[in-house]
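In: let me see the structure of the following:
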Amino acid sequence: MSFSRKTLPRRTLLRGMGAGLALPFLEAMCPSSATADAASRPRRLQVFYTPNGMMMDDFRPKPGAAPDALPPTLAPLAPFRGQMTLITGLGHPMAAAMGDRPAGHGRSCPAFLTGVHVRQTEGSDIRCGVSMDQVFARALGDASMPGSIAALIRRSQIAGQSLRQRFARDFWRMVNHGAPRIEDEHPQTLLELAGDLIERSSALAGQVAENMTRGPGWLFLDMGRRLERALAICRLTRQLALADEASQDDPDALGVLLELCDSQVTYRSRYLTGAMRLPVLDLVVFDPDNPRSLAFQVERLCNHIAALPRIGEDNAPEPALREARLALAPLQTGTVEDVDADWLLAIEARLMSLSDTISARYFLPSERPESATPGELLA
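Out: Sure thing, here's the model as predicted:
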C-alpha cells in the first residue's frame, strides 16, 4: 500500500473545536492512496458524545498530577502519551439532574444537540429546544436573523455602495453572489455550503487587503476587526488560562489558547519547552510584535483613531482616542504577574466602552446597530 498524502496533524483538530468538532474523522485522520476523488467526497458534520455509564473519576487526570501521568482507564495508552491531548470539561451542564428526578438517558440525550434541560414527564408536555443543526441552517441562510451569513452579506453590499471609492469587478462579483439557498437542513449539505462561504469570504478579505485604499473606510473596517479580535483574546485567555487554579498550568488548555490565537508556531520558535502559563500570557497578551496579541490589537486601534478627522481645532485628543490609550496603558506597563480574570475583565470593559464611543462619535443615530437580543447572532 502506498500513501500519497500526509495525515492530518492532531493540532489541526483543535482549530475546529469551536465549530463543534465538525471534521470528517475517518477520511481525514487516516492516510489513503485514493486522492484523485478527494474533491468529490462528501463533507460531514459529525457530532459525538460519550454515553452514560462511565466512571469519570478513573477517566480524567487527577488534579495536580504530573503532566505525563494517566488515570487508570487510560493507563494502557501510556506508550502513546506524547502523541495525545487530553481534553476535559466537555460535560453538558444541562444533562445534569438539577434537582429533577432520576432519568439519565431520557434527559442527557435530548440535551446533547439542544442544550436544554428537558422536562421529565410522562405526558405530552415535554419541553425541549431547537437543535444545533437547525441553528446552523439559520446562521447560514436566514437573512432576517441579525448576524447570520445572509444578513452580513447584505450589509457588506450596503457598505460597499456607500463608500466613496471604486472597487474591483471581482469584489462586486463576490459580494453580489449572495448567500446560498438552503433546501434542507441535512448536516452534510450545511457543511458543504459553509465550506463554499469560507472560500468566498477568504477571497473577499484578500480583495479588501490588496485593493481597498487606506482611507477612513478601511480604518473603520480594520478597527472593527481589531476590536473583535481583542475581545476574543480577553475571553479566551480568561477561560483557558485563568478559569481556575487547575487550568492555569494545564499545558493542553494553554496549547488550545495558542492555537486559537494563532500563536503556536511563534511560541515554538521562541521557547524550547511545552506550553507554560507565563510565557503564553506574555505572547498572547503583552507582546507588541505578535500580530495576534492583545497589545498589538489595542495599539493598532490607537493608531487608527488618531488618523481619523477631528471635530475641534485644538490639539486635545478625541474621547475615543483617550479611551483607547487607557486600554493600552496596562498592556504597556503591566507584567504577566498582574494578569488575572479581573484584570482582563477591566480591559474588556474598556474595549466595549471604546466601541460605544466610536459609534457615538462617527456614526449617525440611524446607523448605529441596535442592542442584540438573546435570539440574535453576534458577528
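In: for this protein, what helix or strand is lowest in average pLDDT?
Out: Counting by mean pLDDT, DSSP states H and E, the chain has its least confident helix or strand at helix 25-29, which shows a mean of 42.
In: and the next element down the chain from it?
Out: Per DSSP states H and E, the first helix or strand lying C-terminal to helix 25-29 is helix 104-114.
In: can you list contacts of that next one?
Out: The contact list for helix 104-114 (C-beta atoms under 8 Å, 6 or more residues apart in numbering) reads 47, 49, 52, 92, 94-95, 97, 100, 116-118, 120, 128-133. Any C-beta I mention is one placed from the backbone N, CA and C, and that applies to glycine too.
In: can we see that at 6 Å?
Out: For helix 104-114, the surrounding residues in contact (C-beta atoms under 6 Å, 6 or more residues apart in numbering) are 49, 52, 92, 94-95, 118, 128-129, 131-132.
In: repeat that for stretch 327-342.
Out: 238, 242, 278, 281-282, 295, 298, 302, 347, 350-351.
In: okay, how far is it across it, tip to tip?
Out: The first and last residues of stretch 327-342 sit 14 Å apart, counting by C-alpha to C-alpha, to the nearest Å.
In: and for stretch 87-98?
Out: 24 Å.
In: please report how far Leu326 lies from Gln297.
Out: Separation of Leu326 from Gln297 (C-beta to C-beta, to the nearest Å): 15 Å.
In: circling back to that earlier point, name the nearest of the contacts of stretch 327-342 relative to Ala316.
Out: Nearest to Ala316 among the contacts of stretch 327-342: Cys302, at 15.5 Å, using C-beta to C-beta.
In: average pLDDT across the helix or strand hosting Arg225?
Out: Following DSSP H and E, the helix or strand that holds Arg225 is helix 216-241. Averaged across helix 216-241, the pLDDT comes to 89.
In: buried residues in it?
Out: Neighbour counts using 16 or more other C-beta atoms under 10 Å place 217-220, 222-223, 226-227, 229-231, 233-234, 236-241 of helix 216-241 among the buried residues.
In: repeat for stretch 261-273
Out: For stretch 261-273, the neighbour count (16+ other C-beta under 10 Å) marks 261, 263-264, 266-267 as buried.
In: for stretch 352-367, same thing?
Out: Across stretch 352-367, burial judged by 16+ other C-beta under 10 Å covers 354-355, 357-358, 362.
In: hang on, the earlier thing: as JSON lines, the contacts of helix 104-114 with neighbour count, distance to Gly255 and pLDDT would be great.
Out: Output for the contacts of helix 104-114, formatted as JSON lines (neighbours: other C-beta atoms under 10 Å; distance: C-beta to C-beta, whole Å; pLDDT from 0 to 100):
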{"residue": "Tyr49", "neighbour count": "14", "distance to Gly255": "23", "pLDDT": "68"}
{"residue": "Asn52", "neighbour count": "11", "distance to Gly255": "29", "pLDDT": "61"}
{"residue": "His92", "neighbour count": "13", "distance to Gly255": "23", "pLDDT": "75"}
{"residue": "Met94", "neighbour count": "17", "distance to Gly255": "28", "pLDDT": "78"}
{"residue": "Ala95", "neighbour count": "21", "distance to Gly255": "27", "pLDDT": "75"}
{"residue": "Val118", "neighbour count": "20", "distance to Gly255": "35", "pLDDT": "78"}
{"residue": "Cys128", "neighbour count": "13", "distance to Gly255": "36", "pLDDT": "77"}
{"residue": "Gly129", "neighbour count": "16", "distance to Gly255": "33", "pLDDT": "76"}
{"residue": "Ser131", "neighbour count": "16", "distance to Gly255": "31", "pLDDT": "79"}
{"residue": "Met132", "neighbour count": "16", "distance to Gly255": "26", "pLDDT": "76"}
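In: got JSON lines for those, with distance to Asp142 too?
Out: Shown next, in JSON lines, are the contacts of helix 104-114 (distance: C-beta to C-beta, whole Å):
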{"residue": "Tyr49", "distance to Asp142": "27"}
{"residue": "Asn52", "distance to Asp142": "35"}
{"residue": "His92", "distance to Asp142": "25"}
{"residue": "Met94", "distance to Asp142": "24"}
{"residue": "Ala95", "distance to Asp142": "28"}
{"residue": "Val118", "distance to Asp142": "25"}
{"residue": "Cys128", "distance to Asp142": "21"}
{"residue": "Gly129", "distance to Asp142": "17"}
{"residue": "Ser131", "distance to Asp142": "15"}
{"residue": "Met132", "distance to Asp142": "15"}
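In: related to what we said a few turns ago, so which of the buried residues of stretch 261-273 belong to helices?
Out: If you go by DSSP state H, the buried residues of stretch 261-273 have 264, 266-267 in helices.
In: closest one of the residues you listed to Asp58?
Out: Using C-beta to C-beta, those come closest to Asp58 at Gln264, 31.1 Å.
In: one step back: got a PyMOL select line for the buried ones in the contacts of stretch 327-342?
Out: Of those, the buried ones go into a single PyMOL selection, burial set by 16+ other C-beta under 10 Å:
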select buried, resi 238+242+281+282+295+298+302+347+350+351
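In: now the contacts of stretch 327-342 as JSON lines including distance to Phe112 and secondary structure?
Out: Shown next, in JSON lines, are the contacts of stretch 327-342 (distance: C-beta to C-beta, whole Å; DSSP: H, G, I helix; E, B strand; the rest coil):
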{"residue": "Arg238", "distance to Phe112": "27", "secondary structure": "helix"}
{"residue": "Leu242", "distance to Phe112": "29", "secondary structure": "coil"}
{"residue": "Leu278", "distance to Phe112": "38", "secondary structure": "helix"}
{"residue": "Leu281", "distance to Phe112": "34", "secondary structure": "helix"}
{"residue": "Asp282", "distance to Phe112": "39", "secondary structure": "helix"}
{"residue": "Ala295", "distance to Phe112": "40", "secondary structure": "helix"}
{"residue": "Val298", "distance to Phe112": "39", "secondary structure": "helix"}
{"residue": "Cys302", "distance to Phe112": "45", "secondary structure": "helix"}
{"residue": "Ile347", "distance to Phe112": "36", "secondary structure": "helix"}
{"residue": "Arg350", "distance to Phe112": "38", "secondary structure": "helix"}
{"residue": "Leu351", "distance to Phe112": "35", "secondary structure": "helix"}
